[in-house]
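**Student:** Quick one: sequence plus predicted model below, questions after.
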Amino acid sequence: MLKTVCMGMLAVVCSCGHDSPSGRDIMTERPGVEGQRPGVGESNSMARELADDVWRVSGPTLTMRYDRGGILFDTQADGRINISDLDGADSVSVGIGKEGTDSLMSGTDIIVNGHALTLRRVKMLRHGDGRSWYMATDSSDGLWILVLPF
């Protein structure tokens, strides 16, 4: 009898499929340096952004990329960059300001759809290949990534 019960349980276990819980496979790569626990060593949190060299502005409320049709980047004589969507849905205007010795920018302003963001911090991440990468944090802790022509 015990043998029959064990064989029945084994049959049930083997016949049941294993579905991974929803969301379990979302994280495909671990942050941090390979072989170290997350948070140790250099962070990979911006690696994907830095690998993407398309001019763009992305944040909590919008994403505008030059490689998507209808997005225009216009650099003014004073250095201000205006990004517009031809359908009129969104616009962004960026005045970069000056870079400090710690890569933090001062005097930067970002205007999204006519409303100026209150910026807590703007940092230059990389400069080269005709573009500069910036990371900005607004007063609501919203993260903005800007890749702009120079």
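**Tutor:** Received, thanks. Numbering: from 1, shown residues only.
**Student:** CA only for contacts and neighbour counts going forward, please
**Tutor:** Will do.
**Student:** which residues does Met116 bridge with?
**Tutor:** Let me fix one detail, which is that residue 116 is Ala and not Met. Beta bridges link Ala116 to Ile111, judged by DSSP bridges.
**Student:** Would you check how far apart it and Lys123 are?
**Tutor:** Using Cα to Cα, to the nearest Å, we find Ala116 at a distance of 18 Å from Lys123.
**Student:** These two: which is more packed in?
**Tutor:** Lys123 (19 against 13; other Cα atoms under 10 Å).
**Student:** Nearest spatial neighbour of the more buried one, chain-adjacent residues omitted?
**Tutor:** Leu104 (4.4 Å; Cα to Cα, 6 or more residues apart in numbering).
**Student:** One more: Gly95?
**Tutor:** Nearest one to Gly95, counting by Cα to Cα, 6+ apart, is Arg80 at 4.7 Å.
**Student:** What residues does that neighbour make contact with?
**Tutor:** Ser93, Val94, Gly95, Ile96 (Cα atoms under 8 Å, 6 or more residues apart in numbering).
**Student:** With Gly95 instead?
**Tutor:** Contacts of Gly95 by Cα under 8 Å, 6+ apart are Gly79, Arg80, Ile81, Gly107, Thr108, Asp109, Ile110.
**Student:** Off-centre distance for the helix or strand harbouring Arg121?
**Tutor:** In the assignment (DSSP states H and E), Arg121 maps to strand 119-128. The chain centre lies 13 Å from the centre of strand 119-128; the measure is Cα atoms, centre = their mean, to the nearest Å.
**Student:** Taking their axis directions, the next helix or strand after it and strand 119-128 sit at what angle?
**Tutor:** Following strand 119-128 in sequence order, the next helix or strand is strand 131-138 (DSSP H and E). Going by axes from the mean of the first three to the mean of the last three Cα atoms, to 10 degrees, strand 131-138 is angled at 170 degrees with respect to strand 119-128.
**Student:** now the helix or strand that strand 131-138 is followed by: mean pLDDT?
**Tutor:** Sequence-wise, the next helix or strand downstream of strand 131-138 (DSSP H and E) is strand 143-149. Mean per-residue pLDDT for strand 143-149: 97.
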